[in-house]
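Just the structure for this:
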Amino acid sequence: MKHEEITQFLLEELKRKGADDVVLQLGCGETTLIKFVNNKISTTKTWESTNLSIFATKNQRIVTSSLRTFDKETAKKCAEHILKSLSKMQANKDYQGIAQGPFKYREEKECYDPKIESLSEEMVDMVKQAIDIAKKKTKRCSGTLEKTSGQSYLLTSNNVQAREKGTGLYFAIRTLIDKNSSGYGSCVSRMKNKIKIQQATEHATQIAQLSKGPKIAMSGNFDVIFAPHAISAIVDRFADNASIFSVESGLSCLKDQLGKTIANPLVNIYDDPTITNGYGSTPYDAEGTPTQRTSIIEKGVFKNYLHNASTAKRYKVKSTGNAGLISPRAFSPVLKEGNYSKEELFKEIKKGIYITNVWYTRFQNHETGDFSTIPRDGAFYIENGKIKKPLKDIRISENMLKVLKNISALGKEATQIKSWEVETPTTVPYTLIKNVNITKPN
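The predicted structure follows:
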């Protein structure tokens, strides 16, 4: 394969010119996107992409770059440019090197499906079926269906050579009755027969119907049930906080929290890139270290920061297999499910709120964990376990550590979420959180 040959050639050039550590990530893939607006397909687009991401060091100086033209002359010039750039950089005294291979990797489960790779015209039918379902009970719907397929090749100066092949389907839909009454649903799968487009559409349609005629909500403290699309945004942001890079950068509320109880004992959060059919599953991280299930919170106790080889060496621990090209990151956060059915969670609420989706989840203070997020696509007042009325114009203004401690019940079914608000695939159940601060938007 020409691209792999150039990748190997570039590694040799960088080493020959004096680079210490080199990581090369080659990605080749195809994406098909179908976009629909107001009940009609508006865009169908397919494109191929090939990119080589480059990480190189010399004397603790670090440079990242990329290559898109694959021939030896371009690769030689790229290597020369990288070495010149390295000579001008300041040394990063904290840098301690990349993972040392070789490694053995597990076989991924349900992460590649040739039926997805060969999908074409059938995607249009899948979208039309969703539109037909939504039109029966709502006025209009919009969304996307995206198919991805591709291969990656990892090569490092520390005896790592690894390959991965994968596919994926991502579907999102927003249904509307009017400007104040909408519902949202999405689903992901790496196997064609496991994508739940009908269920996602029916959920969005049901929420839109329930949200007709919303009332402006009162502010105050409420017990709140978070649907998977809502709680996943919070869990995703928490996983970002668990990266040791975030801690050292002052972008985390988890500094000095190792070994401390930071959540209700029923809370277990981990990063698990080994999940069957996991949209974030991968056999190795950006350095080639095999990935693993890493506990972050176990029975309420904060257990681990996420590390790459360099940070692990500095902290005298083992890499958790969470290397990104620059810093450690979560691949597939999971909030472990509990014992409650959805109906049982609602019965726990005498006076509270049900939130189906959020957006604009932002930290006001990273180090303390203060954040806010805005409910959308259906928020409802609950009384004695029953939905009484839809709400609008509310905001959640909270603290990450307080939220974790106030989780009081978890649903027994978990859903894998990826959305505009949740970029890292995150698996979560319905979640009941006590004493949530609800405010009015400014």
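
now the helices for the stretch 151-300 of the chain?
197-210, 228-242, 244-248 (DSSP state H, counting those that start in this stretch).

and the first one with helix 228-242, angle?
When axes from the mean of the first three to the mean of the last three CA atoms, to 10 degrees is applied, the directions of helix 197-210 and helix 228-242 differ by 110 degrees.

when you give positions from now on, start the count at 203
All set: I'll call the first residue 203, so the last point we hit is now helix 399-412.

Touching helix 399-412 from outside, list them.
328, 331-332, 335-336, 338-340, 343, 347, 373-379, 383-389, 558, 579-580, 582, 589, 592 (CB atoms under 8 Å, 6 or more residues apart in numbering). C-beta here means a position set from N, CA and C on the backbone, and glycine is covered the same way.

tell me the SS of residue 299?
coil (DSSP: H, G, I helix; E, B strand; the rest coil).

Just give the nearest non-adjacent residue to residue 219, would you?
Closest residue to residue 219 apart from its sequence neighbours, by CB to CB, 6 or more residues apart in numbering: residue 285 at 4.8 Å.

Quick one: distance of the host helix or strand of the one you found to the chain centre.
Assigned by DSSP states H and E, residue 285 falls within helix 274-290. From the chain centre to the centre of helix 274-290 is a distance of 33 Å (CA atoms, centre = their mean, to the nearest Å).

do stretch 610-622 as well
Relative to the mean C-alpha coordinate of its chain, stretch 610-622 is positioned 13 Å out (CA atoms, centre = their mean).

mind saving the C-alpha coords of it as PDB?
Extracted in PDB, the C-alpha atoms of stretch 610-622 (Å, rounded to 0.1, in the frame of the first residue of the first chain):
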ATOM      1  CA  SER A 610     -29.400   9.100  44.100                       C
ATOM      2  CA  ALA A 611     -30.700   6.500  41.600                       C
ATOM      3  CA  LEU A 612     -29.600   5.000  38.200                       C
ATOM      4  CA  GLY A 613     -31.600   3.300  35.500                       C
ATOM      5  CA  LYS A 614     -30.900  -0.300  34.800                       C
ATOM      6  CA  GLU A 615     -30.500   0.200  31.000                       C
ATOM      7  CA  ALA A 616     -27.600   2.100  29.600                       C
ATOM      8  CA  THR A 617     -27.500   3.900  26.200                       C
ATOM      9  CA  GLN A 618     -24.500   4.800  24.000                       C
ATOM     10  CA  ILE A 619     -24.700   8.500  23.100                       C
ATOM     11  CA  LYS A 620     -22.900  10.600  20.600                       C
ATOM     12  CA  SER A 621     -24.200  13.900  19.500                       C
ATOM     13  CA  TRP A 622     -23.300  17.500  18.700                       C
END
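
Walk me through which strands the strand or helix carrying residue 592 pairs with, and which way each runs.
Using DSSP H and E, residue 592 maps to strand 588-594. Paired strands of strand 588-594, with direction, are strand 417-418 (parallel), strand 581-585 (antiparallel) (DSSP bridges).

Quick one: mean pLDDT for it?
The average pLDDT for strand 588-594 rounds to 94.

Average pLDDT for the following helix or strand past that strand, rounded please.
Using DSSP H and E, the helix or strand that follows strand 588-594 towards the C-terminus is strand 597-601. The average pLDDT within strand 597-601 is 97.

Strand 597-601 vs helix 430-444, what angle?
Angle of strand 597-601 versus helix 430-444, following the same axes, to 10 degrees, is 30 degrees.

Paired strands for strand 597-601, with orientation please.
Paired neighbours of strand 597-601 in the sheet (DSSP bridges): strand 572-577 (antiparallel), strand 628-641 (antiparallel).

what's in contact with the helix or strand where residue 336 lies?
Residue 336 belongs to helix 323-337 when assigned by DSSP H and E. For helix 323-337, contacts defined as CB under 8 Å, 6+ apart pick out 234, 236, 238, 241-243, 246, 342-343, 345, 347, 349, 373, 375, 377, 399-400, 402-404, 406-407.

Drop anything exposed from these.
Among these, the ones that count as buried by 16 or more other CB atoms under 10 Å are 234, 236, 238, 241, 246, 342-343, 345, 347, 349, 373, 375, 377, 399, 402-404, 406-407.

buried set for the helix holding residue 285?
Neighbour counts over helix 274-290 (16+ other CB under 10 Å) mark 277, 280-281, 284-285, 287-288 as buried.

repeat for stretch 350-366
Counting neighbours by 16+ other CB under 10 Å, one finds that the buried residues in stretch 350-366 are 350-360, 362-364, 366.

Ends of it, what's the gap?
Start-to-end span of stretch 350-366 (CA to CA, to the nearest Å) is 14 Å.

Check the offset of it from the chain's centre.
Offset of stretch 350-366 from its chain centre (CA atoms, centre = their mean): 21 Å.

likewise stretch 534-548?
Chain-centre distance of stretch 534-548: 19 Å, with CA atoms, centre = their mean.

Alpha carbons only: can I get the helix or strand hosting residue 565 in PDB?
Per DSSP H and E, residue 565 falls inside strand 560-567. The C-alpha coordinates for strand 560-567 follow below in PDB (Å, rounded to 0.1, in the frame of the first residue of the first chain):
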ATOM      1  CA  VAL A 560     -29.100  19.700  26.900                       C
ATOM      2  CA  TRP A 561     -26.700  21.900  25.000                       C
ATOM      3  CA  TYR A 562     -24.000  24.500  25.600                       C
ATOM      4  CA  THR A 563     -22.600  22.700  28.600                       C
ATOM      5  CA  ARG A 564     -19.800  25.000  29.700                       C
ATOM      6  CA  PHE A 565     -17.600  25.500  32.800                       C
ATOM      7  CA  GLN A 566     -17.600  28.800  34.500                       C
ATOM      8  CA  ASN A 567     -14.700  27.700  36.700                       C
END
